[in-house]
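In: Provided below are the primary sequence and the corresponding predicted coordinates.
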Amino acid sequence: MMKMNYISEKARIGQNVIIGYFTVIEDDVEIGDNCVIGNNVTIYKGSIIGNNVRIDDNVVIGKQPMRAATSIFKDKQQKPPCKIGDDCIIGTSTVIYAGCEIGKKCLIADLATVREDVVIGDMTIVGRGVAIENYCKIGSKCKIETNAYITAYSELEDEVFIAPCVATSNDNSAGRDPDRFSKMKGVTVKRKSRIGVNATILPGKVIGEDAFVGAGSVVTRDVEDGKIVVGNPAREFMK
């Protein structure tokens with residue numbers, strides 16, 4: 001049976017690459033050696049895929065962002081191509097936008113979304129259903145578990161652990177302030193800190209190095225290095 005693929009003549013495909021059915025690979029895409037690309041995958045113009053990368057069914061790579069009529073983001077320039085490092089695994093139905101740079105040996109699990117202008121370090125795990133909004137920086141060897149939400153303009157340093165369903169926010173006005181764009185501030189999670197399941201981190205808050213936020217906590221103020229906080233609002237846990 002003939003494979004119903006579209007592969008641009010301007011794309012560069014490495015050696016020993018396996019491509020499934022109904023896949024689209026646009027102009028100037030570069031795919032390294034020994035990659036496996038599933039069925040119904042779309043790889044947009046100029047995207048760069050490293051060696052030994054596995055891309056599962058229904059993945060979209062290099063998608064340009066879309067803007068609602070009321071969006072505070074007014075830029076209309078095309079984002080640069082997406083880059084994915086060697087030895088990564090991209091799960092089923094994941095969407096990775098243009099302007100992203102993903103390091104080596106990362107796992108981006110099924111149904112995850114990684115928005116434009118996100119940088120992810122090496123050996124980081126992004127769990128199923130995770131959403132990482134635009135302009136975030138994620139360090140190396142981080143673990144972001146199932147259905148966590150990382151708001152725009154956030155930074156996670158190396159070896160951070162984010163448990164399932166953690167929510168972060170960046171807008172204190174909850175969408176009401178017309179000047180909110182200039183006031184938005186994501187969260188900062190410093191090296192080796194951990195955030196428990198279903199915790200909420202409010203805009204601009206800093207979780208200190210090796211600190212721990214207990215499950216279900218609501219963090220309304222910065223957490224110092226090495227401290228444990230729990231509750232709503234989160235307070236230092238006294239042994």
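Out: Everything's here; your move. Numbers count the residues shown, from 1 in each chain.
In: looking at this, Ser182 is in a helix?
Out: Yes: read with DSSP: H, G, I helix; E, B strand; the rest coil, Ser182 is one of the residues of a helix.
In: run through the residues that contact it.
Out: Shown in contact with Ser182 (Cβ atoms under 8 Å, 6 or more residues apart in numbering): no residues. From N, CA and C alone the C-beta is placed, and that goes for glycine too.
In: quick one, grab the pLDDT at the nearest residue to Ile195 once chain neighbours are set aside.
Out: Nearest non-adjacent residue to Ile195, counting by Cβ to Cβ, 6 or more residues apart in numbering: Val213, 4.5 Å away. We have a pLDDT of 98 for Val213.
In: Pro233 now?
Out: 97.
In: and for Glu155?
Out: 98.
In: quick check on it: phi, psi?
Out: phi -130, psi 130 (degrees, to the nearest 10).
In: need the contact list for the nearest residue to it once chain neighbours are set aside.
Out: Excluding its sequence neighbours, the residue lying closest to Glu155 (Cβ to Cβ, 6+ apart) is Lys137, at 4.6 Å. When contacts are counted by Cβ under 8 Å, 6+ apart, Lys137 touches Val118, Val119, Ser154, Glu155, Leu156.
In: kindly indicate which of the residues you listed lies nearest Thr94.
Out: Val118 (12.8 Å; Cβ to Cβ).
In: so where's the chain uncertain?
Out: 1-3, 71-74, 176-181, 239 (pLDDT under 70).
In: so can I have a markdown table of the contacts of Lys137 showing neighbour count, distance to Arg128 and secondary structure?
Out: Output for the contacts of Lys137, formatted as a markdown table (neighbours: other Cβ atoms under 10 Å; distance: Cβ to Cβ, whole Å; DSSP: H, G, I helix; E, B strand; the rest coil):
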| residue | neighbour count | distance to Arg128 | secondary structure |
| --- | --- | --- | --- |
| Val118 | 25 | 17 | coil |
| Val119 | 16 | 21 | strand |
| Ser154 | 25 | 20 | coil |
| Glu155 | 18 | 23 | strand |
| Leu156 | 29 | 18 | strand |
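In: tell me which residues touch Glu236, please.
Out: Lys227, Ile228, Val229.
In: likewise for Tyr6?
Out: With Cβ under 8 Å, 6+ apart, Tyr6 has these contacts: Thr23, Val24, Ile25.
In: ok, now how distant is the residue nearest to Glu155 from Asp117?
Out: 9 Å (Cβ to Cβ, to the nearest Å).
In: what's the answer for Ala234, then?
Out: Counting by Cβ to Cβ - Ala234 and Asp117 are separated by 30 Å.
In: the two: who's more crowded?
Out: Ala234 (24 against 18; other Cβ atoms under 10 Å).
In: re the thing from before, between the contacts of Tyr6, which sits nearest Pro65?
Out: Using Cβ to Cβ, these come closest to Pro65 at Val24, 19.0 Å.
In: wait, that closest one sits on Lys45?
Out: No: taking contacts as Cβ atoms under 8 Å, Val24 lies outside contact range of Lys45: 10.5 Å.
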